[in-house]
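1. one predicted model, sequence on top.
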Amino acid sequence: MALQDVCGFLNSREDTTFMLGKRSGSPIEFGQIRPSFDSDWTNPKADDHLPYSLPSISVQSAIPLYISPSVPLPFPLGHGTTTLGFVFQGGVIAAADSRSSCAGLVACPESQKIIPVHSHLVSTTSGTSADCALWKRILARELRLYQLRNRRRLSTGGAAKLLSHMLHPFKGTELCVAATLCGWDGDEFLGGDERSMDAGTQSKGTDGKKTGSVSEASFQPVAEPDAKTQPTASNKTSSTLITTKQTGPRLYYVCSDGLRLQGELFSVGSGSPYAYSILDGNIHWGLSVDEAVSVAREAVYRATHRDAYSGNNVDLYHVTAKGWRRRKREDLKEEYYREKERERKRVEERRREIENKNFDEN
């Protein structure tokens, strides 16, 4: 556990799983690369510039990548999905379908493609489901360690850079991860309470929506940006409070080859061309929450209607300064029939208008 590592319950010098070159339990040893860790990172020195930084990962492998053996796949993997994320004045919207495919087979119609990382960060996943779930857990662990050591959350950009650096050594392998990190920076809290890094306790409000916000009773808000504070009895170890210069919604795309992009709109997967056809003409900064939700639902629906590898349900998350909120999962089959009914009504209305026009002319 991250808390055990910080408290020193596990001795890295005595535990054989932490010995250099023999980390059989590390989840980032999969593939041909065997990252090595600095053995002194758990015991930082007082004169270190960043005494509580994350462990550095080197790409020196015990076996060269070009001669390392690889296990052949039993069949070619056919990746297909529809995920999207965009920012607007009310936060970040993340939406995805729920169909997982294996070659030409629908392996799971109710998979979870949007995974909460902590209270103010969720990630959409595209690629191999097992790889995406594994690296989400690795990222969540490292972010919790960072928060426990530094008493603040790592920014969305920092989380994207960390994930990019961890994935880059596996470039050229069978690893397939494409993640869109949707988070909110700023409005952080002091304190080492690990509950602030949890993915939020889901609870249903009066509107039936699940919330992932964290209770604010155990946290203290930080000072305003660039604010100066005087040392007190509660902050003798630091003369300034943690400040945040950039606040608001953030959106990053990270690929398994190390690519990292920042933007305001991303759609990933085989259904993304169809989703972009809806998003490009309707997304702007001044959208209301209801309008943003409607556009995201429409984009996923259109993509699943045309893409055979996407379908079943639509999941939607809304990330704000209070944390992430999850809307109730919606079956796209019902949306299909509602769309057919709306189309039938439009045809009937058009037919009546033509009949009335012909009647007036006569």
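-> Great, that's in hand.
2. just give me the neighbour total for the nearest residue to residue 265 once chain neighbours are set aside.
-> In this structure, residue 265 finds its nearest non-sequential neighbour in residue 86, 4.3 Å apart by C-beta to C-beta, 6 or more residues apart in numbering. Yep, even glycine has a C-beta here, placed from its N, CA and C like the rest. When neighbours are counted by other C-beta atoms under 10 Å, residue 86 registers 26.
3. over to residue 281?
-> 9.
4. so what pLDDT did the residue nearest to residue 265 get?
-> pLDDT recorded at residue 86 is 97.
5. isn't there a strand covering it?
-> Yes - counting by DSSP: H, G, I helix; E, B strand; the rest coil, residue 86 is found in a strand.
6. hey, what's it bridged with?
-> Residue 86 forms beta bridges with residue 93, residue 265, as assigned by DSSP bridges.
7. surely residue 252 is within a strand?
-> Yes - counting by three-state DSSP, residue 252 is found in a strand.
8. show me what contacts it?
-> By C-beta atoms under 8 Å, 6 or more residues apart in numbering, the contact set of residue 252 is 156, 157, 159, 160, 180, 181, 260, 261, 262, 263.
9. buried subset of those?
-> Buried by 16 or more other C-beta atoms under 10 Å: 156, 157, 159, 160, 180, 181, 260, out of the contacts of residue 252.
10. so which pair among those is furthest apart in space?
-> Among these, the pair separated by the greatest distance (C-beta to C-beta) is 157 and 180, at 13.5 Å.
11. kindly reformat the buried ones among the contacts of residue 252 as JSON lines containing distance to residue 131, pLDDT and secondary structure.
-> Below are those laid out as JSON lines (distance: C-beta to C-beta, whole Å; pLDDT from 0 to 100; DSSP: H, G, I helix; E, B strand; the rest coil):
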{"residue": "156", "distance to residue 131": "21", "pLDDT": "95", "secondary structure": "helix"}
{"residue": "157", "distance to residue 131": "23", "pLDDT": "95", "secondary structure": "helix"}
{"residue": "159", "distance to residue 131": "18", "pLDDT": "96", "secondary structure": "helix"}
{"residue": "160", "distance to residue 131": "17", "pLDDT": "96", "secondary structure": "helix"}
{"residue": "180", "distance to residue 131": "15", "pLDDT": "96", "secondary structure": "strand"}
{"residue": "181", "distance to residue 131": "16", "pLDDT": "97", "secondary structure": "strand"}
{"residue": "260", "distance to residue 131": "17", "pLDDT": "95", "secondary structure": "strand"}
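12. just say helix, strand or coil for residue 111.
-> Applying three-state DSSP: residue 111 is coil.
13. name the nearest residue to it, sequence neighbours excluded.
-> Take residue 111 and drop its neighbours on the chain: the residue closest to it by C-beta to C-beta, 6+ apart is residue 100, 4.1 Å away.
14. same check on residue 272?
-> residue 82 (6.5 Å).
15. number of residues surrounding the one you found?
-> 33.
16. check residue 90 too.
-> Per other C-beta under 10 Å, the neighbour tally for residue 90 reads 19.
17. is residue 299 in contact with residue 97, as I believe?
-> No - the pair residue 299 / residue 97 is not scored as a contact, 10.5 Å apart, by C-beta atoms under 8 Å.
18. name the residues of the lengthiest helix in the chain that are buried.
-> Looking across the chain with DSSP state H, the single longest helix is helix 332-361. Residues of helix 332-361 classed as buried by neighbour count (16+ other C-beta under 10 Å): 332, 335.
19. that one - contacts with which helices or strands?
-> Applying 3 or more C-beta pairs under 8 Å, 6 or more residues apart in numbering; DSSP states H and E, we find helix 332-361 packed against helix 289-306, strand 313-320.
20. what lines up beside the shortest one in the sheet?
-> Each strand pairing with strand 313-320, determined using DSSP bridges, is listed with its direction: strand 91-97 (antiparallel), strand 323-326 (antiparallel), strand 330-331 (antiparallel).
21. which one of these has the lowest average pLDDT?
-> The stretch with the lowest mean pLDDT among the strands paired with strand 313-320 is strand 330-331, which comes in at a mean of 89.
22. who touches that one?
-> 297, 312, 313, 314, 316.
23. give me that answer again for 7 Å
-> Under the criterion C-beta atoms under 7 Å, 6 or more residues apart in numbering, residues 313, 314 lie in contact with strand 330-331.
24. sorry, back to before: the residue nearest to residue 111 contacts residue 113, correct?
-> No - assessed by C-beta atoms under 7 Å, residue 100 is found out of contact with residue 113, at 8.1 Å.
25. with neighbour numbers in mind, choose between the two.
-> A count of neighbours by other C-beta under 10 Å puts residue 113 above the other of residue 100 and residue 113, at 24 against 20.
26. excluding chain neighbours, what is closest to that one?
-> Spatial nearest neighbour of residue 113, chain neighbours left out: residue 96 (4.0 Å); criterion: C-beta to C-beta, 6+ apart.
27. could you report the neighbour count for residue 312?
-> The tally of other residues near residue 312 (other C-beta under 10 Å) stands at 18.
28. before we move on, what about residue 154?
-> 25.
29. in the stretch 1-150 of the chain, what spans have low per-residue confidence?
-> 1-79 (pLDDT under 70).
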